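Visitor: Everything below, folded, please.
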Amino acid sequence: MPHFRLIEAIAKHLIESKETKRMDSYMILAEAAYGGYAKSTGGKTFDGRPMPNWSALPGAIQKAWRDATMAAIEKAIEIDLVTETP
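Guide: Sure, this is the predicted structure:
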């Protein structure tokens with residue numbers, strides 16, 4: 001279960017961070033999630049086209065990845081994969 005410890009550490013960091021720093025942290029995690037998706041699909045979109053680099057994505061798409069990352073972390077907290085308090 002080492003992944004759960006990592007998720008817990010990330011969640012604790014985000015919970016304890018100030019709002020601006022938290023948004024930056026979520027964006028860093030969103031970029032990592034995007035990279036993980038690219039790795040798992042061979043760098044292809046759902047319809048087989050090449051995935052653009054993160055920096056080439058429009059801001060709205062980066063925000064969507066950030067929101068998805070936030071939702072995943074919030075769900076992990078909700079189902080007790082991690083705790084909100086250190």
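Visitor: who's in contact with Gly35?
Guide: Counting by C-beta atoms under 8 Å, 6 or more residues apart in numbering, Gly35 makes contact with Trp54. C-beta: built from backbone N, CA, C; applies to glycine.
Visitor: Which strand or helix spans it?
Guide: In this assignment (DSSP states H and E), Gly35 forms part of helix 19-40.
Visitor: That helix: what's the following helix or strand?
Guide: Counting by DSSP H and E, what follows helix 19-40 is helix 59-78.
Visitor: Quick one: mean pLDDT for that following helix?
Guide: What helix 59-78 shows for mean pLDDT is 89.
Visitor: what are the C-alpha coordinates of it, in CSV please?
Guide: Extracted in CSV, the C-alpha atoms of helix 59-78 (Å, rounded to 0.1, in the frame of the first residue of the first chain):
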residue,chain,number,x,y,z
GLY,A,59,-6.0,26.9,-19.9
ALA,A,60,-9.6,25.5,-19.7
ILE,A,61,-8.3,22.0,-20.4
GLN,A,62,-5.6,22.3,-17.8
LYS,A,63,-8.3,23.5,-15.3
ALA,A,64,-10.4,20.5,-16.2
TRP,A,65,-7.5,18.2,-15.3
ARG,A,66,-7.0,20.2,-12.1
ASP,A,67,-10.6,19.8,-11.2
ALA,A,68,-10.5,16.1,-11.9
THR,A,69,-7.4,15.8,-9.7
MET,A,70,-9.1,17.7,-6.9
ALA,A,71,-12.2,15.5,-7.2
ALA,A,72,-10.1,12.3,-6.9
ILE,A,73,-8.2,13.6,-3.9
GLU,A,74,-11.5,14.7,-2.2
LYS,A,75,-13.0,11.2,-2.9
ALA,A,76,-9.9,9.5,-1.4
ILE,A,77,-10.5,11.6,1.7
GLU,A,78,-14.2,10.8,1.7
